[in-house]
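**Q** need a 3D model of the following:
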Amino acid sequence: MPPIIHVIIPAYNEQDSIGHVIKEIPDIVNEIVVVSNNSTDNTEKVAKNAGATVVKEPRKGYGYACLKGMEYIASKDIKPDIIVFLDGDYSDYPEELSKIILPIIEQDIDMVIGSRVKRLRESGSMTFPQIFGNWLATSLMKLFFGAKFTDLGPFRAIKYNTLLSLGMTDKTYGWTVEMQLKILKNKHSYTEIPVRYKRRIGVSKVSGTIKGAIFAGVKILNWIFKYSFT
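**A** Predicted coordinates:
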């Protein structure tokens, strides 16, 4: 029997991109959940018309949106085997979901990160704060935990039961690094799959502003140092 797969897409004002994202997600996915993170444009309407389930989260924050998506899935009678997180800005290639979930299905890996390797990135698709932040965070995780992560990429797949066991709490920009740190601390298996990456549609809410980039950097470093000395 094939695994039950649900996709969670946090989205804040992504009306121009969300339809493209949903359209290119492989048919092997059982349900696509778009969490409208207090969107004020037509994100919700476009997502519904494209065939996604739309859930609303008025509190702004990437983690808030992800947690709302998990809350919705927990309310369903039939639970998924795999959860895939994917951004709504069309910077990833949704069709690559098929290869991101493969290590879970074939090798029983707990979590898979879609790594935005340089050779597969479109020029200018990642800002300097993103590139430096990824390098710093993954270098510190390697130093403190012996981790082999090279990216904090938001395009990722994880076993549903593993995700629940992590007890995720971050409400904003620390969501991705929190997940990776808890995978390390709880000695779950993980791997990375190289993925392509392109310029997003619209302006990034995090790396597109100095305030967002600084806040995200502080959150990420706080999580790393918190787990390094506990």
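**Q** closest to the centroid, which residue in the protein?
**A** Centroid check for the chain by C-alpha atoms, centre = their mean gives P154 as the closest residue, at 2.9 Å.
**Q** sec struct for that one, please.
**A** When classified by DSSP: H, G, I helix; E, B strand; the rest coil, P154 comes out as coil.
**Q** quick check: closest non-adjacent residue to it.
**A** D87 (5.1 Å; C-beta to C-beta, 6 or more residues apart in numbering). The way it works is simple: take the backbone N, C-alpha and C, and place the C-beta from them, glycine included.
**Q** A helix includes V46, no?
**A** Yes. Using three-state DSSP, the secondary structure at V46 is a helix.
**Q** count the neighbours of it for me.
**A** 22 (other C-beta atoms under 10 Å).
**Q** contact partners for the residue nearest to the centre of the chain?
**A** 85-87, 92, 176 (C-beta atoms under 8 Å, 6 or more residues apart in numbering).
**Q** measure it to D89 for me?
**A** Per C-beta to C-beta, to the nearest Å, P154 is found 10 Å from D89.
**Q** what does I73 give?
**A** Distance of I73 to D89, given as C-beta to C-beta: 22 Å.
**Q** verify the stated contact: V55 with I73.
**A** No. With contact defined as C-beta atoms under 8 Å, V55 does not count as touching I73 (9.5 Å).
**Q** shared neighbours, these two?
**A** Residues touching both V55 and I73 by C-beta under 8 Å, 6+ apart: V33.
**Q** check the gap between I9 and T191 for me.
**A** For I9, the distance to T191 - C-beta to C-beta - is 23 Å.
**Q** neighbour count winner among the two?
**A** Counting neighbours by other C-beta under 10 Å for I9 and for T191 shows that I9 has the greater number, 28 against 17.
**Q** strands paired with the helix or strand in which the more buried one is found, and their directions?
**A** Here I9, judged by DSSP states H and E, is contained in strand 5-11. Sheet pairing here is set by DSSP bridges, and for strand 5-11 it gives strand 31-36 (parallel), strand 82-85 (parallel).
**Q** now mean pLDDT, distance to G217 and mean neighbour count too, for these, in CSV please.
**A** Below are these laid out as CSV (pLDDT from 0 to 100; distance: least, C-beta to C-beta, whole Å; neighbours: other C-beta atoms under 10 Å):
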stretch, mean pLDDT, distance to G217, mean neighbour count
strand 31-36, 98, 24, 24
strand 82-85, 98, 20, 24
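**Q** any chance of those strands in a markdown table, with distance to L136 too?
**A** Listed next are the strands paired with strand 5-11 as a markdown table, based on distance: least, C-beta to C-beta, whole Å:
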| stretch | distance to L136 |
| --- | --- |
| strand 31-36 | 28 |
| strand 82-85 | 22 |
